[in-house]
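Asker: Got a sequence here, can you model it:
(2 chains)
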Amino acid sequence: MISVNIYRYNPEKDSFPYMQTFKFEKPKRDIMVLELLNQLKEKDPTISYRRSCREGVCGSDGMNINGKNGLACITPLSTVIKKNKLDLRPLPGLPVVRDLVVDMTEFYAQYEKIKPFLQNDTPVDIGERLQSPEDRDKLDGLYECILCACCSTSCPSFWWNPDKFVGPAALLQAYRFIADSRDTKTAERLQDLSDPFSVYRCHGIMNCVSVCPKGLNPNEAIGEIKSMLLSGKNKQNIIASDAVS
Amino acid sequence: MIGSTLFYVQRYSATYLLAYTIWIASFLIVNNPLEYNSWTAFTNQIDFLVLTSLAAAVSIIHAFIGLWTIGTDYFTSRTLGFLSVSFSKYADTIRGAYTILFSVLGLSIFAIILLTIWS
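Answerer: Sure thing, here's the model as predicted:
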């Protein structure tokens, strides 16, 4: 038998959150944590959690699994279970709506702040903005983020200042547009991140890298942004200096 | 822009303090066993007085940025709210008092160092 401890909190009924233990027959084949939750929900329909695609694409079921953030749908039970015990908690640092469901407002507010869309005021010549294969390659490892919030909610700097520190997920997306050869607002994007909190509160703890279910590296992207801020060089100056030479 | 400035100030000040430490350590190693006369001759020269005054100033600036960073991480309404909701209401006051405390402490230490080495 496995002891599954689930964080429970229903603000309409509970004064404080508590951990509820469920006994679960150890499955003969390995299953995902989400499948375990689905089976427990059949016994207790009041257990609340988000889920949708069940294949690591939608990013809905991010949660803290035995102390480490991850997606329940692509986390095999065998890889996280310790001494037949499993603790499931909501993503840390964000307000809990109910049980394993968190309020993502602060996370999305930071994402909105970095203007996650292509900005280019120049006229389009042939109906679309072309990009060389080399420039397109620079976006690999950046665009794949599914905004599950596992990284930002594992980051102590984001826990302390979720309103000021942009957080690894949104910074990865900020660099995705900074690095895009078709985007012409690099200087403005960097200017928006130049205060002491937005980027510089990243101290390279690298929890974001160790938890990312897609294997991305937000810390590297943050390092690139810091390098551009510190050197004063951005894509536009590099393109301009290339044109002069 | 201020984020980059603070970043550079922290790194340059740390580099200066490392160089200063190596300089002092080298003197102690070269003059081992240390005698009173050689130590007083060393500490009375103008190089020592100027570089040590600068090291004191740099230490205070370095510490101020570090402690300000800690204060704005741990003395916010959110972080103090983990301890108690009533604490969180006074987060700005607590952080302000903490900032005044380490500023006064830092300036006092700086003044004591200057008085000690120049008098």
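
Asker: Please parse chain A into its domains.
Answerer: A:2-102, A:105-244 (automatic domain parsing).

Asker: Which of those has the lowest mean pLDDT?
Answerer: For the domains of chain A, mean pLDDT drops lowest on domain A:105-244, to a mean of 92.

Asker: hmm, it in reach of chain B?
Answerer: Yes - counting by C-beta under 8 Å from any C-beta of the partner chain, chain B is contacted by domain A:105-244 at A:157, A:159-162, A:193-201, A:226, A:229-230. Bear in mind the C-beta positions are built from the backbone N, C-alpha and C, glycine included.

Asker: contacting residues for the closest residue to A:Met206 other than its chain neighbours?
Answerer: Closest residue in space to A:Met206, ignoring its immediate chain neighbours: A:Asn219 at 5.2 Å, by C-beta to C-beta, 6 or more residues apart in numbering or on different chains. Neighbour list for A:Asn219: A:Pro168, A:Cys202, A:Gly204, A:Met206, A:Cys208, A:Val209 [criterion: C-beta atoms under 8 Å, 6 or more residues apart in numbering or on different chains].

Asker: how about these in JSON lines, adding distance to B:Phe42, neighbour count and secondary structure?
Answerer: Formatted as JSON lines, the contacts of A:Asn219 follow (distance: C-beta to C-beta, whole Å; neighbours: other C-beta atoms under 10 Å in any protein chain shown; DSSP: H, G, I helix; E, B strand; the rest coil):
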{"residue": "A:Pro168", "distance to B:Phe42": "49", "neighbour count": "33", "secondary structure": "helix"}
{"residue": "A:Cys202", "distance to B:Phe42": "42", "neighbour count": "23", "secondary structure": "coil"}
{"residue": "A:Gly204", "distance to B:Phe42": "39", "neighbour count": "10", "secondary structure": "coil"}
{"residue": "A:Met206", "distance to B:Phe42": "44", "neighbour count": "16", "secondary structure": "coil"}
{"residue": "A:Cys208", "distance to B:Phe42": "49", "neighbour count": "29", "secondary structure": "helix"}
{"residue": "A:Val209", "distance to B:Phe42": "48", "neighbour count": "17", "secondary structure": "helix"}
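
Asker: quick one, which of the domains of chain A is nearest to B:Ala25?
Answerer: Closest of the domains of chain A to B:Ala25 is domain A:105-244, at 28.4 Å (criterion: C-beta to C-beta).

Asker: Give me the below-cutoff pLDDT ranges for chain B.
Answerer: B:1 (pLDDT under 70).

Asker: For it, which segments are assigned as helices?
Answerer: Ranges of helices within chain B are B:2-30, B:36-44, B:46-74, B:77-83, B:85-89, B:91-118, based on DSSP state H.

Asker: any idea whether A:Gly70 is helix, strand or coil?
Answerer: Classification of A:Gly70 using DSSP: H, G, I helix; E, B strand; the rest coil returns strand.

Asker: all strands for chain A, in order.
Answerer: For chain A, the strands defined by DSSP state E occupy A:2-8, A:18-24, A:62-65, A:68-71, A:85-89, A:96-98, A:101-102.

Asker: nearest residue to the most centrally placed residue in chain A other than its sequence neighbours?
Answerer: Central residue check for chain A by C-alpha atoms, centre = their mean: the C-alpha nearest the mean position is that of A:Ala149, 3.2 Å away. Of all residues not flanking A:Ala149 in the chain, A:Phe107 sits nearest, at 4.9 Å (C-beta to C-beta, 6+ apart).

Asker: and the one you found, how many neighbours?
Answerer: If you count neighbours by other C-beta atoms under 10 Å in any protein chain shown, A:Phe107 ends up with 23.

Asker: That one: what's it in contact with?
Answerer: Counting by C-beta under 8 Å, 6+ apart, A:Phe107 makes contact with A:Leu94, A:Leu147, A:Ala149, A:Ser152, A:Thr153, A:Pro162, A:Gly167, A:Ala169, A:Ala170.

Asker: Between which two of these is the distance greatest?
Answerer: Across the contacts of A:Phe107 (C-beta to C-beta), the longest gap, 15.0 Å, separates A:Leu147 and A:Pro162.

Asker: Thanks again, I'm all set now.
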